[in-house]
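>>> With the input below, show me the fold.
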Amino acid sequence: MLDSVIGIGVIAFSICLLCGSVWSLIHVHGRRRRAQYTPQLRWGALAGGLVLAVAVSCIAFPAGPDTRILGLPLPVAVFQRDPSGLWLDYAGPLSPVIWVLDFLIGLGIPHALAILLDRVKHTRRKHAGAA
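Here you go, the predicted model:
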């Protein structure tokens, strides 16, 4: 029972991350707001996003002495060591789709940070002008 609750929580959290990531990508690179962000900020967020996207979609971490999980925040595949010492993979037909979702989440996180950085910069500039 607890495993299914945790699984549902991870999926809900990942869906929220995915929606935020896609929104931040559209917000930073969309036509209406493109002039709001400097090219350095846009290209920096894109470069950081690509690095983070590859990292989170290819990361493997141990879940136990004989289990490894590939992908973060959504697991793409699970590798388990059998008694003979070989690693067996458990990947489903949706693994490529999940890998793309992990990639999009990783790509969008630096864009969300770029939006926050821009908001802080504008708020400080506004308060400096008012003083």
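>>> which residues touch residue 82?
residue 88 (CB atoms under 8 Å, 6 or more residues apart in numbering). To be clear about C-beta, it is placed using only N, CA and C from the backbone, and glycine gets the same treatment.
>>> Tell me if I'm right that residue 61 and residue 72 touch.
Yes - using CB atoms under 8 Å, residue 61 is in contact with residue 72, at 7.4 Å.
>>> Between these two, which is the more surrounded one?
The residue with more neighbours, out of residue 61 and residue 72, is residue 72; 18 against 11, by other CB atoms under 10 Å.
>>> what about the more buried one, helix or strand, and which?
Secondary structure assignment for residue 72, by DSSP states H and E: no helix or strand.
>>> Please give me every residue in contact with residue 61.
68, 69, 72.
>>> want to throw those residues into a markdown table with distance to residue 112 and pLDDT?
Compiled in a markdown table, these are given as follows (distance: CB to CB, whole Å; pLDDT from 0 to 100):
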| residue | distance to residue 112 | pLDDT |
| --- | --- | --- |
| 68 | 29 | 91 |
| 69 | 25 | 89 |
| 72 | 17 | 84 |
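>>> so which of those residues comes closest to residue 49?
Set against residue 49, the nearest of those by CB to CB is residue 72 (15.0 Å).
>>> Can you tell me how far the closest one is from residue 16?
For residue 72, the distance to residue 16 equals 15 Å [CB to CB, to the nearest Å].
>>> go on, residue 51?
Taking CB to CB, one finds residue 51 at 22 Å from residue 16.
>>> Same check on residue 5?
Applying CB to CB, the value for residue 5 to residue 16 is 17 Å.
>>> shaky segments in the protein?
Along the chain, the model assigns pLDDT under 70 to residues 1-3, 33-35, 130-131.
>>> Tell me where it has strands.
In the chain, the strands defined using DSSP state E lie at 60-64, 67-70, 77-81, 87-90.
>>> Against which helices or strands is the second one packed?
Read that as strand 67-70. The contact analysis (3 or more CB pairs under 8 Å, 6 or more residues apart in numbering; DSSP states H and E) places strand 67-70 against strand 60-64, strand 77-81.
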